[in-house]
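J.: Coordinates for the following, if possible.
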Amino acid sequence: MHQEAVLGQFLRSRRQAARPAPEQLISSGARQVPGLRREEVAAKAGVSVDYYTRLEQGRKNAPSEEVLSAIALALGMSLVERQHLFDLARATRPLRRSSPAQSARPGLMNLMETIGDIPAVLHGRGTDILAVNEAARAVIADFYAKPSRERNIARWFFLDKESRIFEDWENVAAHVAGMLRLDFGRHPGDRRLQSLVAELNSQSSDFRRLWTLHYVAVDFPRRKLINHPAVGSLRFDMEEVSPKADRDQTLDIFMPRDTQTKSAVARLLASRRTGAAETASPALALPEQWE
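T.: Residues are numbered from 1 along each chain as shown. Next up, the predicted model:
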């Protein structure tokens with residue numbers, strides 16, 4: 001699909017989801033569709049209805065930043081939705097560069113080691129898992145024991161029943177799809193990312209439903225509830241660390257919310273460490289780098 005069409009689809013989804021303020025409404029009979037009408041968005045943004053219609057239909061290339069800002073304001077977009085809109089618009093321009101290969105940032109790896117026995121997952125572009133610490137392997141999933149192509153948050157969430165340990169699975173899954181959607185707009189020429197989205201669309205009805213919403217997200221919900229098969233309910237507060245110099249890498253830290261959770265994590269780690277010997281991996285080297 002051409003990037004202009006993707007931009008148009010995103011605009012249409014945000015217009016249909018928008019809740020019109022009284023001053024935005026144009027009185028012309030009963031409303032037949034949810035959200036705003038095209039003429040209402042155009043009037044608020046200060047562009048012609050024909051211009052905005054061509055944007056939604058994928059027939060207008062490279063709108064200016066001023067026009068994009070006005071449309072984002074008219075549609076009441078959040079900061080992350082506005083960022084995604086600009087990413088999609090930049091991707092319609094002729095000059096494109098392939099995405100660089102991924103490798104875990106040393107600073108984030110050092111931070112992961114510093115936090116010790118608190119579960120942490122480092123993920124990169126396209127929700128690929130770049131590293132996990134031992135606590136995360138004990139509490140969430142042992143990603144190092146999985147085939148390399150399965151070391152991906154989105155693939156794990158939508159194709160592996162193991163991910164259902166999250167009691168608010170639907171909410172977290174929506175954010176996972178939203179993170180992937182954001183990367184999809186940020187890196188439009190990535191064949192690996194396109195292949196992942198195509199695979200998930202073909203194999204997961206949950207992903208197909210969430211993907212059509214055009215929801216975008218930069219992180220997970222702040223509070224997590226995990227129903228672990230060995231120790232029961234675990235409660236965490238999420239902290240995300242993402243360096244300004246690299247929008248593609250985020251370290252997710254699962255902070256125990258209570259002493260019960262902290263004790264349960266310690267028991268899981270102790271059980272893991274006294275179990276069968278296994279080879280430890282300080283970081284995950286992806287066998288197929290992003291192009």
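
J.: avg pLDDT for stretch 11-24?
T.: Stretch 11-24 carries an average pLDDT of 77.

J.: so how far is the longest strand along the chain from its chain's centroid?
T.: With secondary structure taken from DSSP state E, the chain has its longest strand at strand 232-241. Remark: strand 232-241 is offset 18 Å from the chain centroid, using CA atoms, centre = their mean, to the nearest Å.

J.: Same check on stretch 7-20?
T.: In terms of CA atoms, centre = their mean, the gap separating the centre of stretch 7-20 from the centre of its chain is 19 Å.

J.: Contacts for it next, please.
T.: 33-36, 38, 40-41, 55-58, 71, 75-77, 81, 84-85, 88-89, 91-92, 185, 213-214 (CB atoms under 8 Å, 6 or more residues apart in numbering). For every residue, glycine as well, the C-beta is placed using N, CA and C.

J.: Return the longest strand of the chain as CSV; C-alpha atoms alone will do.
T.: Only the C-alpha atoms of strand 232-241 are listed here, as CSV (Å, rounded to 0.1, in the frame of the first residue of the first chain):
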residue,chain,number,x,y,z
GLY,A,232,-0.3,-16.3,41.3
SER,A,233,-1.1,-12.6,41.1
LEU,A,234,1.8,-10.2,40.6
ARG,A,235,1.4,-6.4,40.6
PHE,A,236,3.8,-4.1,38.9
ASP,A,237,4.3,-0.4,38.1
MET,A,238,5.9,0.2,34.7
GLU,A,239,8.7,2.6,34.1
GLU,A,240,10.0,3.2,30.6
VAL,A,241,13.4,4.6,29.8
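
J.: Parallel or antiparallel, list what pairs with that strand.
T.: The pairing partners recorded for strand 232-241 under DSSP bridges are strand 223-228 (antiparallel), strand 250-256 (antiparallel).

J.: contact partners of it?
T.: 108, 111, 119, 139, 167, 219-228, 250-258, 260-261, 264-265.

J.: before we move on, the earlier item: among the strands paired with strand 232-241, which is the most enclosed?
T.: strand 250-256 (a mean of 21; mean count of other CB atoms under 10 Å).

J.: what domains does the record give for this protein?
T.: 3-91, 106-273 (automatic domain parsing).

J.: mean pLDDT lowest for which of those domains?
T.: Minimum mean pLDDT among the domains of the chain: domain 3-91, a mean of 82.

J.: Tell me the buried residues in the helix or strand harbouring F10?
T.: Secondary structure from DSSP states H and E places F10 in helix 3-17. Across helix 3-17, burial judged by 16 or more other CB atoms under 10 Å covers 3-4, 6-15, 17.

J.: do stretch 58-69 as well
T.: Residues G58, K60, P63, V67, L68 are the ones in stretch 58-69 that count as buried (16+ other CB under 10 Å).

J.: ok, now which ones touch the nearest residue to M179 once chain neighbours are set aside?
T.: If the residues on either side of it in the chain are set aside, M179 comes closest to A217, at 5.3 Å by CB to CB, 6 or more residues apart in numbering. A217 sits next to V80, A174, H175, G178, M179, R181, L182 when contact means CB under 8 Å, 6+ apart.

J.: And for the second one, nearest residue in space, chain neighbours not counted?
T.: The spatially closest residue to A174, leaving aside those adjacent along the chain, is L210, at 5.5 Å (CB to CB, 6+ apart).

J.: Next: the fourth one.
T.: Distance criterion CB to CB, 6+ apart; nearest residue to G178, sequence neighbours excluded, is A217 at 3.1 Å.

J.: helix/strand/coil for the one you found?
T.: What DSSP: H, G, I helix; E, B strand; the rest coil gives for A217 is coil.

J.: what do you get for A136?
T.: On the three-state scheme (three-state DSSP), A136 is labelled helix.

J.: where do the strands sit along the stretch 1-150 of the chain?
T.: 120-123, 129-132 (DSSP state E, counting those that start in this stretch).

J.: Show the residue spans covered by the helices in the chain.
T.: Using DSSP state H, the helices found in the chain span residues 3-17, 38-45, 49-56, 65-74, 79-91, 106-114, 134-139, 153-159, 169-186, 191-203, 205-211, 259-273.

J.: Minimum distance to H123: which of those helices has it?
T.: helix 153-159 (5.6 Å; CB to CB).
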